[in-house]
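**Q** next input, structure requested:
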Amino acid sequence: MRLAIVSFIAALAFPALAQEWGDYVNSRFGYVGMVPPGFFLVSESDNGDGAIFDHAGTVQSLAFWGAHMMEESFEAEVEASMGYTEGDGFNISFSTVTPEWATFSGVSGQQQIINRMILLCDRASYASFSLKFSSREAVDIKDIAQRLAQAFRPTDC
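**A** Just a heads-up that it's a prediction; the model follows:
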């Protein structure tokens, strides 16, 4: 009987252990982000600037990447990124831009996107993440997006 109870408790605990967040560390550009439970690695870029993760059974995807700034300032780089996102068919519905970080989001039909950009330690490059999801999943994504944004940071400063 005790073995059955211990087995039952262990079975209940196993899914909780499987629901832990993972780390994504990019040594090329010097940034770290978190990967939510249920997301799996789809691919890493050949040049080491980022990776793409998908969530099984959903249309959710999470991409991380780093890049050298092509614009004259971080704020201009954010504006350019918003322009690319609009070029992909998203209407930007929210944005906050500071000298160190930016967040913007948009909608395209039933798909939504949240982007976060951070200025990196060398002040000549930045890192971004992009979280795409279905509008039906928007309520469930809010806490995930907040935690992603809070954990996303440069390393080696």
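
**Q** and Ser105, how many residues sit next to it?
**A** When neighbours are counted by other CB atoms under 10 Å, Ser105 registers 20. In this view, the C-beta of every residue, glycine as well, is placed from N, C-alpha and C.

**Q** use 11 as the first number for this chain going forward.
**A** All set: I'll call the first residue 11, so the last point we hit is now Ser115.

**Q** work out for me the element the residue nearest to the spatial centre of the chain sits within.
**A** Nearest to the mean C-alpha position of the chain, by CA atoms, centre = their mean, lies Phe139 at 4.1 Å. Per DSSP states H and E, Phe139 falls inside strand 135-144.

**Q** ditto for Gly43
**A** strand 41-45.

**Q** give the pairing partners of that strand; include direction for each.
**A** Take DSSP bridges as the rule and strand 41-45 pairs in its sheet with strand 32-36 (antiparallel), strand 163-164 (antiparallel).

**Q** export the longest one as PDB, just CAs?
**A** Coordinates of each C-alpha in strand 32-36 appear next as PDB, following Å, rounded to 0.1, in the frame of the first residue of the first chain:
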ATOM      1  CA  GLY A  32      15.000  26.400 -19.100                       C
ATOM      2  CA  ASP A  33      17.800  28.900 -20.000                       C
ATOM      3  CA  TYR A  34      18.900  29.900 -23.400                       C
ATOM      4  CA  VAL A  35      22.500  31.400 -23.300                       C
ATOM      5  CA  ASN A  36      24.000  33.000 -26.300                       C
END
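
**Q** follow-up on the earlier one: tell me the angle the strand holding Gly43 makes with strand 135-144.
**A** Strand 41-45 runs at 20 degrees relative to strand 135-144, counting by axes from the mean of the first three to the mean of the last three CA atoms, to 10 degrees.

**Q** which stretches of the chain have low pLDDT?
**A** Within the chain, the stretches with pLDDT under 70 are 11-28.
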